[in-house]
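1. show me the folded form of this:
(2 chains)
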2 protein chains.
Amino acid sequence: MARGSLLYAQSGGVTAVINATASAVIQAARRHRVQVLAARNGILGALREELIDTSAEPIASIRALAHTPGGAFGSCRYKLKAPEVDRAPYQRLIDVFRAHDVRWFLYNGGNDSADTALKLSKIATEFGYPLACIGVPKTVDNDLDVTDCCPGFASAAKYTAVSVREAALDVAAMASTSTKVFVYEAMGRHAGWLAAASGMAGEGRDEAPHIILFPERVFDEAAFLAKVKETVARVGWCVVVASEGVHGPDGRFLAEAGTVDAFGHAQLGGVAPHLAEMVKSRLGYKVHWTVPDYLQRSARHLASATDLKHALAVGEAAVDYAMEGRNAVMPVIVRTSDAPYRWKIEAAPLERLANHEKKLPAGFVRPDGYGITAAARRYFAPLLRGEAPPPYGRDGIPAYVALGNRAVRKALPDWAG
Amino acid sequence: MARGSLLYAQSGGVTAVINATASAVIQAARRHRVQVLAARNGILGALREELIDTSAEPIASIRALAHTPGGAFGSCRYKLKAPEVDRAPYQRLIDVFRAHDVRWFLYNGGNDSADTALKLSKIATEFGYPLACIGVPKTVDNDLDVTDCCPGFASAAKYTAVSVREAALDVAAMASTSTKVFVYEAMGRHAGWLAAASGMAGEGRDEAPHIILFPERVFDEAAFLAKVKETVARVGWCVVVASEGVHGPDGRFLAEAGTVDAFGHAQLGGVAPHLAEMVKSRLGYKVHWTVPDYLQRSARHLASATDLKHALAVGEAAVDYAMEGRNAVMPVIVRTSDAPYRWKIEAAPLERLANHEKKLPAGFVRPDGYGITAAARRYFAPLLRGEAPPPYGRDGIPAYVALGNRAVRKALPDWAG
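-> Numbering: from 1, shown residues only, chains lettered A, B, ... in the order given. Down below sits the predicted model:
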């Protein structure tokens, strides 16, 4: 049995396959005979010494994690201040890690989490505490740098493309007397990856989605309305996919909720009803709209098989890196061929990922700004490919697992932070 | 070859399995060597003499209809006035039917369509035109009388329960620092069938959905907010499912779009953001909300196997009834046992279905008004059971079929109506 334990934590918005990564981490560590602790609610659980002993979970439950969406140990939106500003939380983390002999910290999240893992690895070095910090990629936003794609994104992308295809068939059937315009709101604050993936629902100018609105382009109301009108005139109906991050020339989001999250990001939602009202009042068409919100990132029932493979692979690789004694790295997905699709996992320094945000490449957006290019299709195609349905119960609902999440006895005083 | 042709038309909101009914109708009629015409965009196509010759479709396409959502021939929201008010459209329909030797009319819709089919059968008798009118049930609202359930409902119900379960796992993971309340808006103007089906996502008072708001109950803001607060205090988070038809003591819908459809029904949408804003401003919780809208009724990828069987069975039975010379009837689903689930198809007179609206039974709603009873669970369980996924293409998207829809040459002058 290797000395010390491995601490795994989930951070930020969860995905359909983040638990698949957790499943792979735990199974790989068990093969190495390393105990895996999980932090309850991400880094907060580490600070509060709220740790879970995953050894108590039967292997069947750990395997079932691979088909269960959400975050099995709880996640959080909580960003540590820089150590120059407040060193106390880092000191506390080292104290907790020392108390539970944590030698490896695997942080499963996006670029904020990569930044936290990087800072923590530096502090540990300063304290002389032997700790390997490994970032593990995850985000439906697909905005992590370096990696070809982020586990979680491809399943949300598949959900988006399938849902838009299905809704388009509905609208096409209703358009003669009823709904002529349908607006679908996709997640994506600053990067239009999910909105772009909706383009895979159809090809050719008469197929839905007819208009995609990207956060990378400035919204032009007059041009948009003209495009809707022209599409309805030509096709009989029009499907619009709008990224939640669509903004006008002043840089303001079309529909701001007016609140900010723990990272100081504006919390969005509601661009679809906003656009629907615009189309209805200005063009007079009957409009329907949808905001799938969390459904798009938790739809494990419609996960991409490619995504599931990625999610499992980064989990396994992260444990391998930890056991090899690597520090401040993240396993990333490297694409070596579009068709046939080939990929591999490589280690990238966290320095290269922390706080960077990858936008949709300009070459993925059609010159008119309302659709995707052939290059984008080559990128998305293998990501959406393949189905990985969960087992279903007799109740007709996927048999998602709930873990026991047995708490580790605390050894330290409560955290005052 | 039997004399005359059979006209099939789709009406009202489409479903994930209405095309499965169309597939069964066409295949059954082909076995009887009867030509099937389809009206383009429902009854409007019949009035406009816009007919489709389905004989031109290869059998593979007709079979693929069974896994394709939407309405393959187009649907419509268009209600004929009563013949006492305007006899011209009925005269026109008989003219069109006579011109194309239509002897059987199968109208696939809800209670409005049953009413239209009934009126048409009476007018045909008055005109002395030999016509059998058969209603074929369909509606995600499940509000048709007589039948135990309506094809289309069970798949939307499965979508609702699965989506709520998945989103609940997401919210549970985020609640410690972020979203504590999630509001899901279900279709259902006056009958809370889909909202009720969400109750199958969990059992026991701590499982989601914690609060279901039915249109059959008057919304009480103070009681609702108290229930949300109490749930968050106890569970840490709260999932609310609200029917779009939720209304206050004054009878007004909580969120009215202010427009009405062709049947004079108020067009709804937006109760979820309304409730989300209420919870956020009054209780201060971070809230997320979803309005799945058309996604819930077109999600063929998540269809219920039971629903698919029903949809196919009513299509076959409708053709059988037509061939047997029955008139003004509808094949309905009769449940003979909950567990094991047993059902059969019987013919019900359209008189019993036309314009009746079946509400959720009072015995399906918990005394506190916020959840479902064991009786409701016994009803829903077999409907949600079983999966019937469509085949997927290499693109990772279901291989939905698009028909050729070859137009029948017109024989009459244009309709002036």
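
2. contacts only, for residue A:118.
-> By C-beta atoms under 8 Å, 6 or more residues apart in numbering or on different chains, the contact list for residue A:118 reads A:133, A:135, A:328, A:350, A:351, A:354. C-beta here means a position set from N, CA and C on the backbone, and glycine is covered the same way.

3. got the phi and psi for the first one?
-> Which is residue A:133. Recorded main-chain torsions at residue A:133 are phi -110, psi 120, according to degrees, to the nearest 10.

4. give the bridge partners for it, please.
-> Using DSSP bridges, the beta-bridge partners of residue A:133 come out as residue A:105.

5. what number of residues are in the vicinity of it?
-> Neighbour count of residue A:133, defined by other C-beta atoms under 10 Å in any protein chain shown: 27.

6. same thing with residue A:83?
-> Taking other C-beta under 10 Å as the criterion, the count of residues near residue A:83 is 16.

7. follow-up on the earlier one: quick one, which of the contacts of residue A:118 are buried?
-> A:133, A:135, A:328, A:350, A:354 (16 or more other C-beta atoms under 10 Å in any protein chain shown).

8. so the second one sits in a strand?
-> Spelled out, that is residue A:135. Yes: checked against DSSP: H, G, I helix; E, B strand; the rest coil, residue A:135 lies within a strand.

9. out of everything not next to it in sequence, what's closest to it?
-> Across the structure, with C-beta to C-beta, 6 or more residues apart in numbering or on different chains as the measure, the residue nearest residue A:135 apart from its sequence neighbours is residue A:330 (3.6 Å).

10. pretty sure that neighbour contacts residue A:351?
-> No: in this structure residue A:330 lies outside contact range of residue A:351 using C-beta atoms under 8 Å: 10.1 Å.

11. tell me where the stretch 1-150 of chain A has strands.
-> Secondary structure of the stretch 1-150 of chain A (DSSP state E, counting those that start in this stretch): strands at A:5-10, A:35-39, A:51-53, A:102-109, A:132-137.

12. let's have the ones you listed in CSV, adding mean pLDDT.
-> Compiled in CSV, those are given as follows (pLDDT from 0 to 100):
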stretch, mean pLDDT
strand A:5-10, 98
strand A:35-39, 98
strand A:51-53, 98
strand A:102-109, 98
strand A:132-137, 98
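
13. from the contacts of residue A:118, which single one is nearest chain B?
-> Nearest to chain B among the contacts of residue A:118: residue A:135, at 18.9 Å, using C-beta to the nearest C-beta.

14. show me the contacts for the closest one.
-> Neighbour list for residue A:135: A:107, A:109, A:113, A:114, A:117, A:118, A:329, A:330, A:350, A:353 [criterion: C-beta under 8 Å, 6+ apart].

15. residue A:408 now?
-> Shown in contact with residue A:408 (C-beta under 8 Å, 6+ apart): A:37, A:51, A:52, A:53, A:100.

16. the longest helix along chain A - contacts with which helices or strands?
-> With DSSP state H applied, the helix covering the greatest number of residues in chain A is identified as helix A:153-174. Helix A:153-174 makes packing contacts with strand A:181-186, helix A:193-197, strand A:238-243, strand A:287-290, helix A:295-298, helix A:305-323, helix A:374-384, helix B:295-298 when contacts are defined by 3 or more C-beta pairs under 8 Å, 6 or more residues apart in numbering or on different chains; DSSP states H and E.

17. 6 Å instead?
-> strand A:181-186, helix A:193-197, helix A:295-298, helix A:305-323, helix A:374-384, helix B:295-298 (3 or more C-beta pairs under 6 Å, 6 or more residues apart in numbering or on different chains; DSSP states H and E).

18. quick one, the longest one and strand A:5-10 angle?
-> By that I understand helix A:305-323. With axes from the mean of the first three to the mean of the last three C-alpha atoms, to 10 degrees defining the directions, helix A:305-323 sits at 150 degrees from strand A:5-10.

19. any stretches of the stretch 251-400 of chain A with poor pLDDT?
-> Along the stretch 251-400 of chain A, the parts satisfying pLDDT under 70 run over A:255-269.

20. list, one by one, the residues from the stretch 1-150 of chain A near chain B.
-> Residues of the stretch 1-150 of chain A found near chain B (C-beta under 6 Å from any C-beta of the partner chain) are A:14, A:41, A:69, A:70, A:71, A:74, A:75, A:76, A:77, A:78.

21. return the member of those nearest to residue B:46.
-> residue A:69 (45.5 Å; C-beta to C-beta).

22. so that closest one touches residue B:171, yeah?
-> No: assessed by C-beta atoms under 6 Å, residue A:69 is found out of contact with residue B:171, at 11.3 Å.

23. those two: which has the busier surroundings?
-> Between residue A:69 and residue B:171, counted using other C-beta under 10 Å, residue A:69 has the larger neighbour count: 31 against 24.

24. excluding its backbone neighbours, what's nearest that one?
-> residue A:300 (3.7 Å).

25. so the one you found is in contact with residue A:18, correct?
-> No: under the criterion of C-beta under 6 Å, residue A:300 makes no contact with residue A:18, lying 10.2 Å away.

26. who has more neighbours, these two?
-> Shown here are residue A:300 and residue A:18; by other C-beta under 10 Å, residue A:18 has more neighbours (34 against 28).

27. so who does the spatially closest residue to the more buried one that is not a sequence neighbour touch?
-> Counting by C-beta to C-beta, 6+ apart, the nearest residue to residue A:18 once its immediate chain neighbours are dropped is residue A:138, at 5.0 Å. If you count contacts by C-beta atoms under 6 Å, 6 or more residues apart in numbering or on different chains, residue A:138 has them with A:15, A:18, A:108, A:109, A:151, A:152.

28. picking that back up, what's the longest helix of chain A in contact with?
-> Counting contacts by C-beta under 6 Å, 6+ apart, the residues outside helix A:153-174 that touch it are A:16-17, A:140, A:142, A:179, A:182, A:184, A:186, A:194, A:197-198, A:200-201, A:208-209, A:237, A:239, A:296-297, A:299, A:302-304, A:306-307, A:383-384, B:14, B:69-71, B:74-75, B:294-295, B:298-299, B:301, B:396-397.

29. circling back to that earlier point, in TSV, list the contacts of residue A:138 along with distance to residue B:219.
-> Output for these, formatted as TSV (distance: C-beta to C-beta, whole Å):
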residue	distance to residue B:219
A:15	34
A:18	36
A:108	40
A:109	39
A:151	41
A:152	36
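
30. any idea how far the closest residue to residue A:323 other than its chain neighbours is from residue A:3?
-> Using C-beta to C-beta, 6+ apart and skipping the chain neighbours, the partner closest in space to residue A:323 is residue A:32 (5.5 Å). The span separating residue A:32 from residue A:3 equals 11 Å under the rule C-beta to C-beta, to the nearest Å.

31. between these two, which is the more surrounded one?
-> Applying other C-beta under 10 Å to residue A:32 and residue A:3 shows that residue A:32 carries more neighbours, namely 14 against 8.

32. for the more buried one, what are phi and psi?
-> The main-chain torsion angles of residue A:32 are listed as degrees, to the nearest 10 and equal phi -90, psi 0.

33. now swap in residue A:336 and tell me
-> The phi/psi pair for residue A:336 (degrees, to the nearest 10) is phi -110, psi -10.

34. and it, how many residues sit next to it?
-> When counting by other C-beta under 10 Å, one arrives at 9 neighbours for residue A:336.

35. count the residues that sit near residue A:125.
-> Count around residue A:125 with other C-beta under 10 Å applied: 14.

36. can I get stretch A:55-68 in CSV, CA atoms only?
-> Written as CSV, here are the backbone C-alpha positions of stretch A:55-68 (Å, rounded to 0.1, in the frame of the first residue of the first chain):
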residue,chain,number,x,y,z
SER,A,55,-13.3,3.2,0.5
ALA,A,56,-16.6,2.5,2.2
GLU,A,57,-18.4,2.5,-1.2
PRO,A,58,-19.0,-0.8,-2.9
ILE,A,59,-17.4,-1.2,-6.3
ALA,A,60,-20.8,-1.5,-7.9
SER,A,61,-21.6,2.0,-6.7
ILE,A,62,-18.3,3.4,-7.9
ARG,A,63,-18.9,1.8,-11.3
ALA,A,64,-22.4,3.2,-11.4
LEU,A,65,-20.9,6.7,-10.9
ALA,A,66,-19.8,6.4,-14.6
HIS,A,67,-23.5,6.7,-15.7
THR,A,68,-24.7,9.1,-13.1
